[in-house]
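**Student:** Build the 3D model from these lines:
(chains A and B)
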Amino acid sequence: MTVKQISIFVENKEGRIKKAIDTLAKENINIRALSIADTTKYGILRLIVSDNEKAIEALENDGFIVKENEVILLSVPDEPNGLNSTLAVFDETGINLEYLYAFVSSKTDEAIVVMRLENMEKAIDALNENNIKILDTKDIKEL
Amino acid sequence: MFWNEKAECMSKEKKEKIQLERLQKTVKLAYENVEFYKKRFDEIGLKPEDIKTLKDIEKIPFTTKSDLREAYPLGLLAVPREEIVEVHASSGTTGKPTVTAYTQNDLDIWGECIARGLKMAGAKKEYIIQNAYGYGLFTGGFGIHHGGNKMGAITIPISAGNTQRQLDTMVDFQSEILTCTPSYAAYLGESREKAGIPLEDINLKIGIHGAEMWTNELRNRIETSLGIKTHNIYGLTEVMGPGVAQECEQQNGMHIQDDHFYPEIIDSETGETLDYGENGELVLTSLTKTGMPILRFRTKDLTSLIGEKCECERTTVRMTRITGRSDDMLKIKGVMVFPSQIEKALLKVHGVTPNYLIHVTRPDILDEVEVKVEASKELFSDEMKEMEKVEKQIQASIKSETGLRVDVTICEPESLPRSEGKAVRVIDERDFE
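**Tutor:** Numbers count the residues shown, from 1 in each chain, chains lettered A, B, ... in the order given. Predicted coordinates for the structure are as follows:
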């Protein structure tokens, strides 16, 4: 049970991020979550959007390189120690995090965490064993 | 298939006899009609009659690009100006352009050389040539055109650029032959894939590509992406244009039309003539041109000569792929590097496109090299560590090819200067003043 995230390659040049966001806006695509990993030369823009297919087509038409891949979305209590208990699960099972970003929704009291782990299958198993609810595409539509 | 079997498969003895006769005639023509050559000969006390054997060519002083530049525009004519029917010029990026002037006889020779090349590559009279070399002062477009006319094939003067029209023409006309620079051919192949045009919808069989250096790796990409067999073509404006030499279907060295152009290889430092098989700078002498004969022109192109008869039965001397130019060789941190080596290294890494730019700077006292490479879907990853891995692979590949440690920058697709004529591969910002 994973959600598909899209990643965009952006050169570290004036206006490139805006251009990507513009492309999505023109197609009426809603960005639900966003993060940027950057070096001095380029960045990787990672997004959870309302319509992946439409987003990828529009971005590729505008010359962007786009990739779609799976991430795990969880909701954690929006309070101290909220994230810590979840991360403890991975710590105990020895699963490395590749990256993580979070956002809060106005519709719930919880924070939503987006994660990419070294071993996605093992991570899902570990979360299930610990009865931690993984959000699916339907869940995020309602946020 | 031969265009001119008699000329292309001549015995060594007969070839040398013809070459000597033609050389003596050319030397006489140049000495008697071109002030520049007369002065050069007189300075060292050389007379046209002193050229008694082919080996005597070594007594003649070299002609360089700057000599031609000084004679701009028509200072080296050996015939009255009214006999000239066409001129071409090389780009003036490093100063004034150099001009070449052709009589009708010269254009016929040019057409003959190109027609030999077309046949060598397997062309038939009924084939359609899509000539995507630039038309204009550049010799590429018109040179191929003259040859296509000579052979009697339909030549589409589509010129370089307008990629969509190139693809439409391939599909609509079902052209069999594509002639253009290798970088543009690679770009057209890439564009065909991107446009989703299946290989079955085009009918290309033969590619003839030159005017810039390219590697075997790039050849493989062009051949796969366009479904063709490619042939390296060589020539230069100062001597005539494309068609001085070209590969046959064996793809094993370019056959120099040596009954029209006499090749030598020299050590570019000492000027000493080298043997066949040795790597050095190519020097060319025209044997039949009358408008602007050229004696011992230093091409700056590094290659070697193959004297043995080719499997295609042609006896014309072959030259190997150009490995660099004696003047675009980069000396970085004291190491000799040619752009072609970087290209070779890049294409060994999966997912790397043939579009790159070498940027050399010297911020303080040490040289720094940045190689910019365009990203592709294959090499892009959402994970930073994967991206770093690709950069490291590229770095390692360049290191093993050149011995240099370079900085690799991955940039967005189509952000580097695209080549529809000659590609910009190097920006050297070091100040040596």
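
**Student:** Starting from the helix or strand residue B:148 falls within, tell me the next helix or strand along the chain.
**Tutor:** Element membership for residue B:148, per DSSP states H and E: helix B:139-151. Later in the chain than helix B:139-151, the nearest helix or strand by DSSP H and E is strand B:154-156.

**Student:** rewinding a little: and the helix holding residue B:148, what does it pack onto?
**Tutor:** Helices and strands in packing contact with helix B:139-151 are listed as strand B:84-89, helix B:104-120, strand B:128-131, strand B:154-156, strand B:177-180, strand B:229-236, strand B:241-247; criterion 3 or more Cβ pairs under 8 Å, 6 or more residues apart in numbering or on different chains; DSSP states H and E. All C-beta spots, glycine's among them, are computed from the backbone N, C-alpha and C.

**Student:** can I get the CA coordinates of that helix in PDB?
**Tutor:** Listed next in PDB are the C-alpha coordinates belonging to helix B:139-151 (Å, rounded to 0.1, in the frame of the first residue of the first chain):
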ATOM      1  CA  THR B 139      31.000  23.600 -47.900                       C
ATOM      2  CA  GLY B 140      28.800  20.800 -46.500                       C
ATOM      3  CA  GLY B 141      25.500  21.500 -48.200                       C
ATOM      4  CA  PHE B 142      26.700  22.400 -51.700                       C
ATOM      5  CA  GLY B 143      29.400  19.800 -51.700                       C
ATOM      6  CA  ILE B 144      27.000  16.900 -51.200                       C
ATOM      7  CA  HIS B 145      24.600  18.600 -53.600                       C
ATOM      8  CA  HIS B 146      27.200  18.700 -56.400                       C
ATOM      9  CA  GLY B 147      27.900  15.000 -55.800                       C
ATOM     10  CA  GLY B 148      24.200  14.000 -55.700                       C
ATOM     11  CA  ASN B 149      23.700  15.900 -59.100                       C
ATOM     12  CA  LYS B 150      26.800  14.100 -60.600                       C
ATOM     13  CA  MET B 151      25.400  10.700 -59.600                       C
END
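
**Student:** what about it, distance to the chain center?
**Tutor:** How far helix B:139-151 lies from its chain's middle: 15 Å, per Cα atoms, centre = their mean, to the nearest Å.

**Student:** same question, stretch A:94-103
**Tutor:** Using Cα atoms, centre = their mean, the offset of stretch A:94-103 from its chain centre is 10 Å.

**Student:** Name the residues that touch it?
**Tutor:** A:32-35, A:37, A:46, A:83, A:87, A:90, A:111-119, A:122-123, A:126, B:383-385 (Cβ atoms under 8 Å, 6 or more residues apart in numbering or on different chains).

**Student:** Neighbour count says what about these? Which are buried?
**Tutor:** Burial by neighbour count, 16 or more other Cβ atoms under 10 Å in any protein chain shown: within those this picks out A:32-33, A:35, A:37, A:46, A:83, A:90, A:111-117, A:123, A:126, B:383-384.

**Student:** which ones among these are found in helices?
**Tutor:** A:83, A:90, A:123, A:126, B:384 (DSSP state H).

**Student:** So which bits of chain A are right by chain B?
**Tutor:** A:5, A:7, A:9-11, A:13, A:16, A:37, A:39, A:41-42, A:44, A:46, A:63-67, A:69, A:98-99, A:116 (Cβ under 8 Å from any Cβ of the partner chain).

**Student:** Residue B:375 touches residue B:408, doesn't it?
**Tutor:** No: contact criterion Cβ atoms under 8 Å: residue B:375 and residue B:408 do not qualify, at 11.4 Å.

**Student:** coming back round to it: adding pLDDT and distance to residue B:23, write the ones in helices among the buried ones among the contacts of stretch A:94-103 out as TSV.
**Tutor:** Below are these laid out as TSV (pLDDT from 0 to 100; distance: Cβ to Cβ, whole Å):
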residue	pLDDT	distance to residue B:23
A:83	86	85
A:90	90	80
A:123	92	78
A:126	91	83
B:384	91	64
